[in-house]
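Undergrad: Here's my sequence, what's the structure:
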Amino acid sequence: MHISTALFDTGALPRESATWTSAPPARRQGVALNLESVSKSFGTRQVLHDVQLELRPGEFVAIVGRSGCGKSTLLRAIAGLETADQGSIRIGTGSIASSIRIMFQEARLLPWKTVLENVALGLPRSLNAAAATLATVGLAERADDWPAELSGGQRQRVALARALLHEPQLLLLDEPLGALDALTRIEMQQLIESLWISRGFTAVLVTHDVQEALALADRVVLIEDGRITLDMKVELPRPRARGNAAFAALEQRLLGRILNQTPVSDAAIAA
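TA: Below you'll find the predicted structure:
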């Protein structure tokens, strides 16, 4: 298995109101992502089977599926946190430098560092930039607080600010909103979408939440038993209204496919 490192900055991974538009983001600073025949096993259990996936620079793709289907393993393989047994993962073209960041379900903040210090982690000379990034996610006034003083949603905003400080060209999101309450989750979804629109990075989101996938993504990819069985375009204008009939129809059809209740064509589904 080969991962092209021409644009992959391993040091970029932590060890540990926008103008809305129905058109693609004007700023395309993201990188292309190409997976060819990627397979992965843990012992005798194969969790990824011959995965083929391609993303254009600046595209937002959500990966959904039942628990244990292989979606988080796929994201970790893209991040370089897992090594695939077969296939190749290529990030970018090799012509420019790249940065990659990943957000997990837990914020993974250091409790002995302030909010500002957590954002600037790894870049101690960038405190001014870190403060500006905190303001971007609405937490400028919490810079000197400790992580324990923050709510779950605020901690995830800090984690997002930490990722954004490095101006990532590829942002990987491994269910970062899964533990949040419903209202905070929607607010975070709106924040992530607005930042994606304004900054133009490529984004890959793993989620169990079909509404979240449809609200954020250009495409929704369904994984079943380690295989991509559906790659669906979401051709709805942004910002997307969850109460809209077209949105509800897409949600019903996608849920029906996941629950094996109704067949869905692999072709694009448009309102």
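Undergrad: Show the residue spans covered by the strands in the stretch 51-200 of the chain.
TA: Per DSSP state E, counting those that start in this stretch, the stretch 51-200 of the chain carries strands over the ranges 60-64, 86-91, 100-103, 170-174.
Undergrad: Would you convert those strands into JSON lines that also reports mean pLDDT and distance to L53?
TA: Quick note: C-beta positions are derived from backbone N, CA and C, even for glycine. JSON lines is the format used below for the strands of the stretch 51-200 of the chain (pLDDT from 0 to 100; distance: least, Cβ to Cβ, whole Å):
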{"stretch": "strand 60-64", "mean pLDDT": "98", "distance to L53": "8"}
{"stretch": "strand 86-91", "mean pLDDT": "94", "distance to L53": "9"}
{"stretch": "strand 100-103", "mean pLDDT": "94", "distance to L53": "16"}
{"stretch": "strand 170-174", "mean pLDDT": "97", "distance to L53": "13"}
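Undergrad: wait, which of those strands is closest to P239?
TA: Between P239 and the strands of the stretch 51-200 of the chain, the shortest gap by Cβ to Cβ is with strand 60-64, which sits at 13.2 Å.
Undergrad: Kindly list the longest helix within the protein.
TA: When the chain is scanned for its longest helix (criterion: DSSP state H), the result is helix 182-199.
Undergrad: which secondary structure elements does that one contact?
TA: For helix 182-199, the contact count by 3 or more Cβ pairs under 8 Å, 6 or more residues apart in numbering; DSSP states H and E identifies helix 152-165, helix 210-216 as packing neighbours.
Undergrad: Tell me which helix or strand comes right after it.
TA: Scanning forward in sequence from helix 182-199, with DSSP states H and E defining helices and strands, the next element found is strand 202-206.
Undergrad: Export the helices and strands packed on helix 182-199 to a markdown table and append columns for mean neighbour count and distance to L259.
TA: Converted to a markdown table, the helices and strands packed on helix 182-199 look like this (neighbours: other Cβ atoms under 10 Å; distance: least, Cβ to Cβ, whole Å):
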| stretch | mean neighbour count | distance to L259 |
| --- | --- | --- |
| helix 152-165 | 23 | 29 |
| helix 210-216 | 22 | 10 |
